[in-house]
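In: no letters, just coordinates:
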């Protein structure tokens, strides 16, 4: 385990050391002490390393991650795991806005709550939030799955494309073109696997969730739908 | 006098309800949808044509044409990037996406720019291998939609352009209609084939200059602080927007006027939002000067650049470089009269064809139709673009020498006068034959 004290090592040097890693590297486990909400920690990683942020992270923690596992032991700021390509990001606290924004792949697990626009423009990532999420989440979500064990804020899935949303609690309101869909067996099965991957308590069953997705009525413009845009 | 003998006035068309306006009303009434088109503002606005160079005489000493050196190179990204972009000419190719343009057109842009020693730019939809392969210097656009955005391509780029807005539609997002969403475009953008593809107007993970500063830090961290970061803005409030771009950490500011083109946007947006590039350059330069950052943060301007005189005038007003989009497409073959019959079949005519979003471009440029796009030979089209860029450069050098400048960047506002009061006020140069700069000096 390599320990880096961010009171003594700059974010640039820390990220630079992580960027130098590849799968052949001997030291793939890292722990960053005293993060103190610093921005851009562990961004752009592209190696199968394991990085633990021992406290709170600022904006864009684990942004554009590939392959790596990043664990934030506190809260994370705006854009956590934004545009992630692959890998695993686990935030033990809450996350701010735009968690998992535009991300193409990988798994983001949030033990606490996520603020507004969680999963905005997501393009294939799986996001599991064990608490609740804020408004405008999964806005223009293109692909991937957003799973919420708590409640969802207003305008959920506005202008959603092919992403799937699963909510266990209440939904304050759905955005344009987002509708509730039937939870078929294949969805429940896939959701069970995802909950397992996110280390969700076994007592929570897929049958407790509702599924949401696109009605696809706004995919091609028609004047009679103008009011929905 | 019999009623039939009374002289009649000739039919008079309304200046307000002119034939185009009435045709638009009829079109709107028939369809119930606003008109979407490509290109930039078509209305007449104050432009570089309203400026003249004074040239040298007794009070100024010219350089000998074709003999004395007049350099054209420019370096973009000297503020923070460890690897700034070195260009041979101060004319770059603006961002245009694969999706809005055919793969052949993107390849031709890369070929032409590379021959000319300048850069080209990706667009909404990501970077294609062909584009990267044929562009020696490639700027990677980072847009709100993040279609096709991935860190591997980010690292392959020579610079990163954070697109906040563009001149054709400042404050607006994009629209690529389903006809142009081919299998490849759909795959690159992670969208189903054939659906209308909307691009957001705001970035999904930052709002405001404080956030943008951190976003730029992230981009720099991911790319090792090597690559210049451009910020592209549509011309609206250039003084303040440029100041905030500088505050956010930009290496280069790209300022796009309302004549700058788009792949597809509402006509009402193109024609009624934003300001002409002529009116935007001087406030932008003033902003840089007030911050002590002029020439430290480079300014690239675009929107209606057509010839070397336009290039020279933009540089004289304080820009470090210009960017061309529409003119580059015309150089490739867009709106070529040889396709007149087909333009007419599409309800248009050569020179006016702007339904780029429909994907039926006879010239094979703004289309994903394989039969149409195969019409464009990327090698020949790239050569045409290179030739055109050479002419722009030669023309700008000719003017610079006539003004006594050994480098085109040494052109200055003092070399310019304006033909109209409006242009004098916007460009902040004297009305020709006077010392009057409206708003700055008394008549």
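Out: Arrived safely, thanks for sending. Treat the numbers as computed from the prediction; the structure is a model and nothing was measured.
In: flag the shaky bits of the chain, pLDDT-wise.
Out: Just so you know, I chose chain A. A:223, A:226-229 (pLDDT under 70).
In: ah, no, chain B please
Out: For chain B (pLDDT under 70), the answer is B:443.
In: quick one, longest helix in it?
Out: Ranked by residue count under DSSP state H, the longest helix found in chain B is helix B:378-402.
In: same deal with chain A?
Out: Max-length helix for chain A by DSSP H is helix A:185-197.
In: buried stuff in that helix?
Out: By neighbour count on 16 or more other CB atoms under 10 Å in any protein chain shown, the buried set for helix A:185-197 is A:187-188, A:190-192, A:194-195. For glycine as for every other residue, the C-beta is placed from the backbone atoms N, C-alpha and C.
In: ok, the residue nearest to residue A:93 when sequence neighbours are not counted - contacts?
Out: Once flanking residues are discounted, residue A:93 sits nearest to residue A:75: 3.7 Å by CB to CB, 6 or more residues apart in numbering or on different chains. By CB atoms under 8 Å, 6 or more residues apart in numbering or on different chains, the contact list for residue A:75 reads A:56-57, A:91, A:93-96, A:112.
In: OK, now which residue of chain B is nearest to chain A?
Out: At 3.2 Å from chain A, residue B:222 is the closest residue in chain B, using CB to the nearest CB.
In: what about the closest residue in space to that residue that isn't next to it in sequence, how many residues nearby?
Out: Distances taken as CB to CB, 6+ apart put residue A:44 closest to residue B:222, at 3.2 Å, once the chain neighbours are dropped. When counting by other CB atoms under 10 Å in any protein chain shown, one arrives at 25 neighbours for residue A:44.
In: now residue B:67
Out: 7.
In: just give me the neighbour total for residue 97.
Out: Answering for chain A, as no chain was given. Per other CB under 10 Å, the neighbour tally for residue A:97 reads 24.
In: nope, chain B please
Out: 28.
In: does it touch residue B:124 like I think?
Out: Yes - applying CB atoms under 8 Å, one finds residue B:97 in contact with residue B:124, separated by 4.5 Å.
In: joint contacts of these two?
Out: B:176, B:263.
In: which SS state does the residue nearest to residue B:222 fall under?
Out: coil (DSSP: H, G, I helix; E, B strand; the rest coil).
In: ok, now which ones touch it?
Out: A:15, A:19, A:63-65, B:151, B:221-223.
In: likewise residue A:126?
Out: Taking CB under 8 Å, 6+ apart, we find residue A:126 in contact with A:106-108, A:144-145, A:147, A:194, A:197.
In: tabulate those in JSON lines, adding columns for secondary structure and distance to residue B:375.
Out: Formatted as JSON lines, these follow (DSSP: H, G, I helix; E, B strand; the rest coil; distance: CB to CB, whole Å):
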{"residue": "A:106", "secondary structure": "coil", "distance to residue B:375": "42"}
{"residue": "A:107", "secondary structure": "strand", "distance to residue B:375": "46"}
{"residue": "A:108", "secondary structure": "strand", "distance to residue B:375": "46"}
{"residue": "A:144", "secondary structure": "strand", "distance to residue B:375": "38"}
{"residue": "A:145", "secondary structure": "strand", "distance to residue B:375": "43"}
{"residue": "A:147", "secondary structure": "strand", "distance to residue B:375": "48"}
{"residue": "A:194", "secondary structure": "helix", "distance to residue B:375": "48"}
{"residue": "A:197", "secondary structure": "helix", "distance to residue B:375": "50"}
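In: got JSON lines for the residues you listed, with distance to residue B:145 too?
Out: Converted to JSON lines, the contacts of residue A:126 look like this (distance: CB to CB, whole Å):
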{"residue": "A:106", "distance to residue B:145": "20"}
{"residue": "A:107", "distance to residue B:145": "23"}
{"residue": "A:108", "distance to residue B:145": "20"}
{"residue": "A:144", "distance to residue B:145": "16"}
{"residue": "A:145", "distance to residue B:145": "20"}
{"residue": "A:147", "distance to residue B:145": "24"}
{"residue": "A:194", "distance to residue B:145": "26"}
{"residue": "A:197", "distance to residue B:145": "28"}
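In: of these, buried ones?
Out: A:106-108, A:144-145, A:147, A:194.
In: and the stretch 51-200 of chain B, which of its residues are near chain A?
Out: By CB under 8 Å from any CB of the partner chain, the residues of the stretch 51-200 of chain B that approach chain A are B:145-146, B:149-151, B:154, B:177-178, B:189-192, B:194-196, B:198, B:200.
In: on that earlier part again, and the helix or strand just after the longest helix of chain A with helix A:185-197, angle?
Out: Next in sequence after helix A:185-197, counting helices and strands by DSSP states H and E, comes strand A:210-214. Orientation note: strand A:210-214 sits at an angle of 110 degrees relative to helix A:185-197 (axes from the mean of the first three to the mean of the last three CA atoms, to 10 degrees).
In: ok, residues contacting strand A:210-214?
Out: A:156-157, A:160-168, A:171, A:174, A:177-183, A:187.
In: for chain A, what spans make up the strands?
Out: Per DSSP state E, chain A carries strands over the ranges A:2-5, A:29-33, A:50-53, A:69-72, A:88-91, A:107-110, A:123-129, A:143-148, A:164-167, A:178-181, A:210-214.
In: so which of these is nearest residue B:435?
Out: Across the strands of chain A, residue B:435 has its closest neighbour in strand A:123-129 (58.1 Å, CB to CB).
In: what residues are up against the closest residue to residue B:65 other than its chain neighbours?
Out: Spatial nearest neighbour of residue B:65, chain neighbours left out: residue B:401 (5.4 Å); criterion: CB to CB, 6+ apart. Contact analysis of residue B:401 by CB under 8 Å, 6+ apart lists B:62-65, B:68, B:70.
In: show me what counts as buried in stretch B:435-443.
Out: B:436-438.
In: next, the buried residues of stretch B:113-129.
Out: For stretch B:113-129, the neighbour count (16+ other CB under 10 Å) marks B:113-128 as buried.
In: do the same with stretch B:175-194
Out: B:175-182, B:185-186, B:188-192, B:194.
In: in helices, which of those residues fall?
Out: B:185-186, B:188-189.
In: taking those together, which two end up most distant?
Out: Of all pairs in these, the most separated under CB to CB is B:186 and B:188 at 7.4 Å.
In: residue of chain A closest to chain B, please.
Out: Counting by CB to the nearest CB, chain A gets nearest chain B through residue A:44, at 3.2 Å.
In: what is the neighbour count of the closest residue to residue A:7 other than its chain neighbours?
Out: In space, and not counting its chain neighbours, residue A:7 is closest to residue A:34: 4.6 Å by CB to CB, 6+ apart. Neighbour count for residue A:34, taken as other CB under 10 Å: 13.
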